[in-house]
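J.: dropping the sequence and predicted coords here.
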Amino acid sequence: MRVSDQEEDRSVIGRVMTILDAVAAEPGEVGLSELARRTGIKKATVHRLATELVERRMLDRGAYGYRLGFRTFELGHSVQVSRLLRNLALPYMEDLYEISHEIVQLAVLDGTEIVYLEKITGHRSYKAPSGVGERYPAYCSALGKAIIAFSSDAVLDRILAAGLPKRTPRTITDPALFRKELGLVRDCGVAFDREEGHREVSCVAAPVLNPEGLPIVALSITGPSYRMGLPRLATAVREAAVALARVVNTHATLQALPRRHQRRAEELRGPCIDSE
């Protein structure tokens, strides 16, 4: 098969992945001509795609040729960190499930949304539409508020700039009230979603903080409002988050987690969880 025929059989994404795979297979740098030969892609096309990959830090251009860029390391590290966080969190999530028999979730903030990293449920649990890897608006979720409350003004500004559209009659849509809610979260160390995202569904979440008091992820319990004893579950979730933080913060792989756009947390207090 001619080079041009091979190229026509691939999508742009396919060609990009072929280029990255070819560079990854070489411990050193791979020159442009050699890269075209290995991939079966025309030299001009390789040059065009490789130039864009360099701009996006997926490749680096050296004296001889191309090598993997630091962005590929960041992406790989993110996958490793997510898997490690899930493994470390599972025992604590299982404990929370045993005391509640409701949905227990682990999530991280990404932009204006939370991304679910892990989820435990059972036949009795509320059938939530969320799944591992899926996204949900942060502003109307306890998980999102638990993280946003300890994040920087830049993060909060981004959330507010995206808007706080009403999802239920109880959604907090006023920016001033939302800021006040986040202040309560900082005081309590836990966040609540009282039917703000879904009718008749409530949630309580707590942030997992690093040694500097900055949020990494958050844990939550979600279930039908009529059987969610929020004060009791809030205490359990907060204690689980604190215990998980101790484990996470002793793991060398997690010591270099990104800390930009975050601020130091205030001292966590708990009397406010006594009322629903």
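T.: Yes, it's here.
J.: where do the strands sit along the chain?
T.: With strands called from DSSP state E, the chain shows them at 59-61, 66-68, 103-110, 113-120, 135-137, 191-194, 201-209, 215-224.
J.: most tightly packed of these?
T.: strand 201-209 (a mean of 28; mean count of other C-beta atoms under 10 Å). The C-beta positions use only the backbone N, C-alpha and C, and glycine is treated the same way.
J.: any idea how far Ser141 lies from Val185?
T.: 12 Å (C-beta to C-beta, to the nearest Å).
J.: neighbour-wise, which of the two wins?
T.: The residue with more neighbours, out of Ser141 and Val185, is Ser141; 27 against 23, by other C-beta atoms under 10 Å.
J.: how about a markdown table for the strands of the chain, with mean pLDDT and distance to Gly28 added?
T.: Formatted as a markdown table, the strands of the chain follow (pLDDT from 0 to 100; distance: least, C-beta to C-beta, whole Å):
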| stretch | mean pLDDT | distance to Gly28 |
| --- | --- | --- |
| strand 59-61 | 90 | 12 |
| strand 66-68 | 91 | 7 |
| strand 103-110 | 92 | 34 |
| strand 113-120 | 91 | 36 |
| strand 135-137 | 92 | 39 |
| strand 191-194 | 96 | 49 |
| strand 201-209 | 95 | 40 |
| strand 215-224 | 94 | 36 |
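J.: would TSV of the ones you listed with distance to Ala149 be doable?
T.: Formatted as TSV, those follow (distance: least, C-beta to C-beta, whole Å):
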stretch	distance to Ala149
strand 59-61	38
strand 66-68	37
strand 103-110	11
strand 113-120	13
strand 135-137	16
strand 191-194	7
strand 201-209	7
strand 215-224	8
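J.: out of those, the one nearest Ala234 is which?
T.: strand 201-209 (4.8 Å; C-beta to C-beta).
J.: pairing partners for that closest one, with directions?
T.: Its sheet considered, strand 201-209 pairs with strand 191-194 (antiparallel), strand 215-224 (antiparallel) by DSSP bridges.
J.: in JSON lines, list the ones you listed along with distance to Gln80.
T.: Below are the strands paired with strand 201-209 laid out as JSON lines (distance: least, C-beta to C-beta, whole Å):
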{"stretch": "strand 191-194", "distance to Gln80": "28"}
{"stretch": "strand 215-224", "distance to Gln80": "14"}
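J.: quick one: closest of the ones you listed to Glu34.
T.: It's strand 215-224; of the strands paired with strand 201-209, that one is closest to Glu34 (C-beta to C-beta) at 42.0 Å.
J.: in PDB, could you pull the C-alpha coordinates for the closest one?
T.: Extracted in PDB, the C-alpha atoms of strand 215-224 (Å, rounded to 0.1, in the frame of the first residue of the first chain):
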ATOM      1  CA  PRO A 215      -9.200  20.700  48.300                       C
ATOM      2  CA  ILE A 216      -8.200  17.600  46.300                       C
ATOM      3  CA  VAL A 217     -11.500  15.800  45.900                       C
ATOM      4  CA  ALA A 218     -14.800  15.400  47.800                       C
ATOM      5  CA  LEU A 219     -16.800  12.500  49.200                       C
ATOM      6  CA  SER A 220     -20.600  12.500  49.400                       C
ATOM      7  CA  ILE A 221     -23.700  10.500  50.300                       C
ATOM      8  CA  THR A 222     -26.800  11.000  48.200                       C
ATOM      9  CA  GLY A 223     -30.400   9.700  48.600                       C
ATOM     10  CA  PRO A 224     -34.100  10.500  48.800                       C
END
